[in-house]
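> Could you work out the structure for the sequence below:
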Amino acid sequence: MNQPENLFLHIQIADNFHDIPFTDPYGELKSELPDFLFLGIDNHSDIFLQKSILQILKTAPQKIVAFTLISESKLTTLLPLITEIIDNQESILLIVNGHNTMLERMIGVFPEEKILRNVSQLDYLSLAIAKFLNN
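Numbering: from 1, shown residues only. Sure thing, here's the model as predicted:
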């Protein structure tokens, strides 16, 4: 039986579906993290995709979750995913780009050393991820 893959999950949050860029800002990390499955979701994704990603999130041994916060949009549709992230902090590194008041309150339980905020430099991000994976 295969061991579950590690997960790199990119979550985008925006008021309008059309405001979500369909680019992969973390694509260059794929070669550095070959044992990670890279997935993306947004607060407008359908329920089937959300449930599928939630199952992967529950079984992945190590997780990196990157939030791209485009607006102060409500997080209601993503609450099961966010709850799973909060409940399993020990195996998760968060990357948070942008601001969303509701999300900030929810992730306030995370130790600050497990949250990278507004990181755009790939070399810094790579070093921080390597440090997380080696702990």
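> Tell me who's in contact with residue 33.
Taking Cβ atoms under 8 Å, 6 or more residues apart in numbering as the criterion, residue 33 is in contact with 6, 8, 64, 129. Using the backbone N, CA and C atoms, a C-beta is placed for each residue, glycine as well.
> which among those residues gets closest to residue 45?
residue 8 (16.5 Å; Cβ to Cβ).
> which one is residue 37 nearest to, not counting chain neighbours?
residue 5 (4.3 Å; Cβ to Cβ, 6 or more residues apart in numbering).
> measure the residue nearest to residue 70 when sequence neighbours are not counted to residue 74 for me?
Once flanking residues are discounted, residue 70 sits nearest to residue 14: 3.9 Å by Cβ to Cβ, 6+ apart. Going from residue 14 to residue 74 by Cβ to Cβ, to the nearest Å gives 11 Å.
> Have a look at the two and say which one is more surrounded.
For residue 14 and residue 74, the more surrounded residue by other Cβ atoms under 10 Å is residue 14, and the numbers stand at 20 against 13.
> Was I right to think the more buried one contacts residue 20?
Yes. Here residue 14 lies in contact with residue 20, judged by Cβ atoms under 8 Å, at a distance of 5.0 Å.
> Quickly find the element holding residue 97.
Following DSSP states H and E, the helix or strand that holds residue 97 is strand 92-98.
> Quick one: mean pLDDT over that strand.
The average pLDDT for strand 92-98 rounds to 93.
> same for that strand, what does it pack against?
If you count contacts as 3 or more Cβ pairs under 8 Å, 6 or more residues apart in numbering; DSSP states H and E, strand 92-98 packs onto strand 63-69, strand 115-117, helix 122-133.
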